[in-house]
Structure formats: C-alpha cells, structure tokens
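Asker: From the sequence below, what's the structure:
(one chain, ligands or ions: 1)
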Amino acid sequence: MKVGLIGNGGREHAIARRLCQHGNVTLFTAASSSNPGIRELSADFHLAELSDLQCVKAYFEQQAVDLVVVGPEKLLIAGIVDLIRESGIPIVGPTQSQARLEGDKSFMRQLLRDRVGWGSPRWQRVTALPQAKQFIESMQAIVVKPLGLTGGKGVRVAGTQLEDQEDTLKYIQSLLESDGVVLLEEQVMGEEFSRMAFVSDGVIVSVPCMQDFKYAYDGDQGLMTGGMGSYSMADGGLPFLTTRDYEQADRLLKETVQAIEKETSTSYRGFLYGQFMATIDGVRLIEYNVRLGDPEALNLMSLLDTPPAELFNAIASGNLSMEKVAFKPQASVSKYLVPQSYPESISQPIEFRFDPDLVKQNDLSIIYGSVERIGPNHWAALGSRTLGIVGLGETPGKVSEKIEAFLESVDLPQLRHRKDVGSQDIIQQKITKMEGIRRAL
Ligand code: GLY
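Answerer: A predicted model of the protein is given here:
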C-alpha cells in the first residue's frame, strides 16, 4: 500500500516507523523540514511549505497514494482533509470544521455546553477586562487560555506561570489587545491523564491511558514544554484512576464525537485526544486535540499490535471496529532527550555524537525529532525535542530504569532528559496524591 504521511516530528517518525515495520507499505512523506528517521524510511521525501495545502495535495495525487495520515494539527485546522478528500484519497483526520475542537477553544467549550451538557470546568469567554475581573473574583484559581493554537505556550495557570492577580490581569489585557477575546477557566485540581481514541463513523476505540510529563525538569519543575515523556501501564489503565474516571473519559469522548458530527453533519474519521483531569468531582476535560499526542504517540505506536496501515485505512474509510485493534499487554515509557536549555531556544545547532545501534542493542527504540544527521553517528540538535527513547516491559518503573541504565552508559552531555518519567516513585506519589484528594471528599 502507498501511504502518504504529513509531518516531520517525533510523532510522525513513530508513525512512519510502525507503518514500515509491515513489508507491504511504501511511504511518501510531505514535510516542512527533514527528519533523518522518516527520510530513511520514505520512498520519497518531499520538502515543502506545508501551509501551501494545494501543493501537498498535488504531491500525493502525483504519487498516487492509497491513503494519507496527517501528523500535525495545523494542517487539519487549515483544512487539508477537506482538500485531499476532493481527490478521492482516503485520509485519516477530521475536516476543517471538526478540527475547531482543537483550533478554537471557545468553540469546543460551547459545543460541550450546548450539545453535551457536561465535562468542562467552569469557563467564560471574555472580551473586556471588567468581565475578567468578575470571573477571577468568583473562582479560587483560574487558567488563562488564548482561543487558538499557541504550541502549548499560551496557556498560563494562575499561581504557576502567573504569579499574582496583577500578573494575571496583565496577561489577560495583552491577549485582549492582540486577539480581542480570551478564555478563562476555573483551575481544577487533581491528576491529568491522556486518553486518545481512534474514531470512525461513530465507532470509537480508546487506546491505553497515558500520562505525559509536561514540565522541563524532574519533579515538574521549570517551564511547560511540548512533553518530556510519557508512560502507560500493562493493563491500559493508570493506577490513580477509578473505574468511574475511565467511564467518564470514554463517555465524554463518545458524546463529543456525536456532538461534532451533528454540528458539522459529517462523520468524524481520525484521532481524538482528550487531556483530562481526574478531580474530586469526577473527570473534567482540559482540552481536545484532533491529532495524536506527542510524546504519547511514541508509546502508542510501540504498543500497537495491529498492522497500522490496515487500521488507518479502516479509520479513513469508515470500517473501524473494536476487533481490528489490539495492543501489546505491556507497560511503556518514552523519554525525550532535549538540549540543555530546552524549552528556551538555542542560537545555533548543538553537535553531538551518538550511535543509534546502541539503543536497539539495549532492547529500546529510538525516535528522531528535531535533529539533523551530519555524518556517521554525528548529529546536530536543532533546538526542540531531539531524540525519543522508547521501551516496553512489565511495569513503567522497570522500563524507566532500563532507559536510565542505557542513558548512563552513553556519553551525551549536550542533551538532558527527565529521569522521573514513569518511575515507580513518581507513580506512587500520584497514587498517594489522588488518595488524599478522594479522602477529603
Ligand atoms: N502531549 C501533549 C500534546 O501532544 O499536546
């Protein structure tokens, strides 16, 4: 099968790698910059300005691909699915109007309020500062969200990125000046988790729950990043969640799909990724993404036990069924290696030496992110998440230890990572925290 892939990050390399593990796939990639892992796997690698959707469409038409899989949200929000479908090529992803679930946070909250009726923390769309002050005074703590995409950098939490009320109002004012509108939400307390699903014509198959480590340093210190790593358990659950939490997360995914299909009069065929908070009052939706999570896709693609081209084709053509999807009954951990200063940008690429064969020899997988190959085992980190290391095993704790033992054995002073992703200690801390929250009920 000729499969077209859009994107060049770690998430897309994880998808490409898994696709190409099955001999019948020939990969054609459209990307805005190179990725050594995807390039090596692709029969053709087309560097293009991805905002030129017509050019992306023409490329896949020219290569006569049988199926297209979209990695990044930007193209979904720009309408690549609508365009590619005009060519009659099956494509995995929601239409432009459905992608507003991620591209317009206020639309998403209104949809949940009007068509689902539950699932959001208290929220308000605000267009003037006095309105914002009133909302802040009625809440214990709030979160400030720009309506559109900000690459994870626009959402600010009062008490964390926003020191006090003055800071909060200043940030709201700056967003009102630039966008004319801002979303304020009640800050809900609990543990966050990721629940992704494959969706096609009303059939929703949830994948194992995962937890992403978003902060830059161990112990959730430092700035928010794109995600430093994630883990999942062998049974597909997370040990701090209750049966009610899973049921609520899955019910909300289902009711959201029904709502967006009604709203747009179109079947949803793609990925849906809910970032949820388990709270004392049940599950609350933090946000939706209409693509796979990154780093979660690294875990997911390692766990997927179904030929992905068949699965993606079933999603794109409305033939998905629960029986078609299987996952390895193992725990998973992914950890990203990043430049020392990440998420702060770097002024020039950082060279390092690394032998990727060593990863395989240690029963782990390597995923390439923002990195360039300069020569044999000679690389340049370009600034964002550089290399992903992924492993499977009995428990996240054991896999995390295996990754740590490997990373201790290599000399890589230019890059750092979070040691605590998936560690037994951190998971125990999360269990204890949620037990405390639930005891207070
Ligand atoms: N895991 C965070 C994201 O993909 O946005």
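Asker: residues contacting the residue of the chain found nearest the ligand?
Answerer: Scanning the chain for the residue nearest the ligand gives residue 293, at 3.6 Å (criterion: Cβ to the nearest ligand atom). Where you see a C-beta, it was placed from the backbone N, CA and C, and this is true even at glycine. By Cβ atoms under 8 Å, 6 or more residues apart in numbering, the contact set of residue 293 is 11, 194, 196, 210, 212, 227, 230, 273, 275.
Asker: buried set for stretch 266-282?
Answerer: Neighbour-count burial for stretch 266-282, counted by 16 or more other Cβ atoms under 10 Å, picks out 266-279, 282.
Asker: Just the mean pLDDT for it, thanks.
Answerer: Mean per-residue pLDDT for stretch 266-282: 97.
Asker: Stretch 344-357 now?
Answerer: 96.
Asker: repeat for stretch 397-405
Answerer: On average, stretch 397-405 scores 98.
Asker: Contacts for that stretch next, please.
Answerer: With Cβ under 8 Å, 6+ apart, stretch 397-405 has contacts from 231, 331-333, 335, 362-364, 389, 391-393, 419-424, 427.
Asker: What helix or strand is the residue in the chain sticking out farthest from the centre located in?
Answerer: Going by Cα atoms, centre = their mean, the residue of the chain most distant from its centre is residue 130, 34.7 Å out. Assigned by DSSP states H and E, residue 130 falls within helix 129-138.
Asker: can you check residue 12 too?
Answerer: Counting by DSSP H and E, the element that carries residue 12 is helix 10-20.
Asker: Residue 313 and residue 67 touch, don't they?
Answerer: Yes: counting by Cβ atoms under 8 Å, residue 313 touches residue 67, with 5.4 Å between them.
Asker: And the helix holding residue 130, what's buried?
Answerer: Under 16+ other Cβ under 10 Å, the buried positions of helix 129-138 are 131-132, 135-136.
Asker: what about that helix, distance to the chain center?
Answerer: 31 Å (Cα atoms, centre = their mean, to the nearest Å).
Asker: just checking, next helix/strand downstream of it?
Answerer: Assigned by DSSP H and E, the successor of helix 129-138 is strand 142-145.
Asker: for the stretch 301-441 of the chain, which spans come out with low pLDDT?
Answerer: Applying pLDDT under 70 to the stretch 301-441 of the chain flags residues 441.
Asker: What separation is there between the residue of the chain closest to the ligand and residue 355?
Answerer: Distance check for residue 293 against residue 355: by Cβ to Cβ, to the nearest Å, it reads 29 Å.
Asker: hmm, the helix holding residue 12 in reach of the ligand?
Answerer: No: using Cβ under 6 Å from any ligand atom, helix 10-20 stays clear of the ligand, coming no nearer than 7.6 Å.
Asker: For the contacts of stretch 397-405, which PyMOL command selects only the ones that are buried?
Answerer: In PyMOL syntax, the buried subset of the contacts of stretch 397-405 is picked out as below (16+ other Cβ under 10 Å):
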select buried, resi 231+331+332+333+335+362+364+389+391+392+393+419+420+421+422+423+427
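Asker: Mind checking which of the contacts of stretch 397-405 land in strands?
Answerer: Using DSSP state E, the members of these that fall within strands are 231, 331-333, 335, 389, 391-393.
Asker: out of these, which touch the ligand?
Answerer: Answer for the ones in strands among the contacts of stretch 397-405 near the ligand: none qualify (Cβ under 6 Å from any ligand atom).
Asker: Using JSON lines, please lay out those together with distance to residue 319.
Answerer: Below are those laid out as JSON lines (distance: Cβ to Cβ, whole Å):
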{"residue": "231", "distance to residue 319": "31"}
{"residue": "331", "distance to residue 319": "30"}
{"residue": "332", "distance to residue 319": "27"}
{"residue": "333", "distance to residue 319": "32"}
{"residue": "335", "distance to residue 319": "35"}
{"residue": "389", "distance to residue 319": "35"}
{"residue": "391", "distance to residue 319": "32"}
{"residue": "392", "distance to residue 319": "28"}
{"residue": "393", "distance to residue 319": "33"}
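Asker: Farthest-apart pair in those residues, please.
Answerer: Maximum pairwise distance among the ones in strands among the contacts of stretch 397-405 (Cβ to Cβ): 14.8 Å, between 331 and 389.
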